[in-house]
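Engineer: here is the input, now give the coordinates:
(4 chains)
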Number of protein chains: 2
Amino acid sequence: MFAKHEHAHCIEDAVKSAERICEERNLRFTDLRRRVLELVWQNHGAAKAYDLLDQLGDEYSAKPPTVYRALDFLQENGLVHKINSLNAYVGCQHPLEHRDCFFLICSDCQEVAECCAGDVASSIRELVAAHHFAPRRTTVEIEGQCQQCQQCQGLD
Amino acid sequence: MFAKHEHAHCIEDAVKSAERICEERNLRFTDLRRRVLELVWQNHGAAKAYDLLDQLGDEYSAKPPTVYRALDFLQENGLVHKINSLNAYVGCQHPLEHRDCFFLICSDCQEVAECCAGDVASSIRELVAAHHFAPRRTTVEIEGQCQQCQQCQGLD
DNA sequence: TGTGATATGTAATATTATAACAATAACATT
DNA sequence: AATGTTATTGTTATAATATTACATATCACA
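Structural biologist: Down below sits the predicted model:
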């Protein structure tokens, strides 16, 4: 599996930068949105919408739209990514440059690593230009086995 | 929109090559599987599972598992691709080399173009190698506007 | 013809996501 | 502070996508 760590720190950072971003853009970073962002980060892998819903528990009168709206807001503002191949959500590692992000998804440990590879981005730009296509959103999701899980080969 | 054409021809070709492939691999290309493959190709854009289900109509006693099983078979054998960002399915243009396929998805006309770009594939291979990641499946989906739809800009 | 494996039928249900409308909170202006 | 406006959240219902579990049928072949 990917290296796990105590990431209270990550959560805190993510929330702080979300606050800054929303302030700059004049957006409302409400309690609910903050809470959903925290929960997304709290999961090691990608978080499923209905798990977030459970985790919200009674704090908020949480029904599906509650969570999906918060996730929509967070996605629109580059704070989380949706992983389509998992129907799940991960926090964005660098919301200020929320572009050209690619994902390595480990099928064994369920961790998702976000990568920003200039070469991939530029080869995709060329591909798109060659087809005179105007891209709005690009998804690159690579499912497989991460380094750690390759080493454990069925030991866990 | 992408150029449309009468593609009875495409369907025929797709079915023929599926037949060949299944024969070579000793797989059963049953009537149901053939019919689902035809229906997938019959749609201009990507086909949704429940639309296929409707289109199967009374020919087969079609319930959801009927369609999903056929789609699973076709996917496993490289005959169709699932487009995750649409929850929909398209026929593979070259099932014999069903690898490194990327998709340009037009949000206006809903057509999906399959591309095979060596540069993209190799930059992804490098990215993956740099992370010592063992890829099993790679998804590249680019949503945007195709050339034709850019030219029509709201004329339709 | 019988046997095991593969494929399909069927009912039920799980999972993921949205629509529609009501209530509330925040914000801007007077 | 009162008002109008917009953005956010609450609530109910339902739509859309996909799977489980088990029964039945078909195929391949000894």
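
Engineer: helices of chain A, start to end?
Structural biologist: Counting by DSSP state H, residue ranges of the helices within chain A are A:8-25, A:31-42, A:49-56, A:64-76, A:118-130, A:147-152.

Engineer: mind putting those helices into a markdown table with mean pLDDT?
Structural biologist: Below are those laid out as a markdown table (pLDDT from 0 to 100):
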| stretch | mean pLDDT |
| --- | --- |
| helix A:8-25 | 94 |
| helix A:31-42 | 97 |
| helix A:49-56 | 97 |
| helix A:64-76 | 98 |
| helix A:118-130 | 96 |
| helix A:147-152 | 91 |
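
Engineer: of those, which approaches residue A:87 most closely?
Structural biologist: When those are compared by C-beta to C-beta, helix A:49-56 sits nearest residue A:87, at 7.6 Å. (C-beta placed from N, C-alpha, C; glycine too.)

Engineer: okay, the angle between the closest one and helix A:64-76?
Structural biologist: Relative orientation of helix A:49-56 with respect to helix A:64-76: 110 degrees, computed using axes from the mean of the first three to the mean of the last three C-alpha atoms, to 10 degrees.

Engineer: longest strand of chain A?
Structural biologist: strand A:134-145 (DSSP state E).

Engineer: sheet-wise, list the partners of that strand with their directions.
Structural biologist: strand A:102-106 (parallel), strand B:134-145 (antiparallel) (DSSP bridges).

Engineer: quick one, grab the pLDDT at the residue nearest to residue A:110 when sequence neighbours are not counted.
Structural biologist: Nearest residue to residue A:110, sequence neighbours excluded (C-beta to C-beta, 6 or more residues apart in numbering or on different chains): residue A:45, at 3.6 Å. Residue A:45 carries a pLDDT score of 87 in this model.

Engineer: now the helices of chain A in JSON lines, with mean neighbour count and distance to DNA strand C?
Structural biologist: Formatted as JSON lines, the helices of chain A follow (neighbours: other C-beta atoms under 10 Å in any protein chain shown; distance: least, C-beta to the nearest atom of the strand, whole Å):
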{"stretch": "helix A:8-25", "mean neighbour count": "14", "distance to DNA strand C": "11"}
{"stretch": "helix A:31-42", "mean neighbour count": "19", "distance to DNA strand C": "9"}
{"stretch": "helix A:49-56", "mean neighbour count": "16", "distance to DNA strand C": "4"}
{"stretch": "helix A:64-76", "mean neighbour count": "17", "distance to DNA strand C": "4"}
{"stretch": "helix A:118-130", "mean neighbour count": "16", "distance to DNA strand C": "24"}
{"stretch": "helix A:147-152", "mean neighbour count": "16", "distance to DNA strand C": "21"}
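
Engineer: returning to what we had before: distance to DNA strand C for the strands paired with strand A:134-145 - can I get that in a markdown table?
Structural biologist: Shown next, in a markdown table, are the strands paired with strand A:134-145 (distance: least, C-beta to the nearest atom of the strand, whole Å):
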| stretch | distance to DNA strand C |
| --- | --- |
| strand A:102-106 | 14 |
| strand B:134-145 | 14 |
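
Engineer: so which of those strands is the most surrounded?
Structural biologist: strand A:102-106 (a mean of 23; mean count of other C-beta atoms under 10 Å in any protein chain shown).

Engineer: and the contacts of it?
Structural biologist: A:1-2, A:46, A:81, A:83, A:85-86, A:90, A:111-117, A:120, A:140-146, A:149, B:124, B:127-128, B:131, B:133 (C-beta atoms under 8 Å, 6 or more residues apart in numbering or on different chains).

Engineer: which of those are close to DNA strand D?
Structural biologist: Counting by C-beta under 7 Å from any atom of the strand, the subset of the contacts of strand A:102-106 that neighbours DNA strand D is empty.

Engineer: and chain A, which residues reach chain B?
Structural biologist: Proximity of chain A to chain B, by C-beta under 8 Å from any C-beta of the partner chain, involves residues A:84-85, A:102, A:104, A:106-107, A:113, A:115, A:117, A:119-120, A:122-124, A:126-128, A:131-147, A:150.
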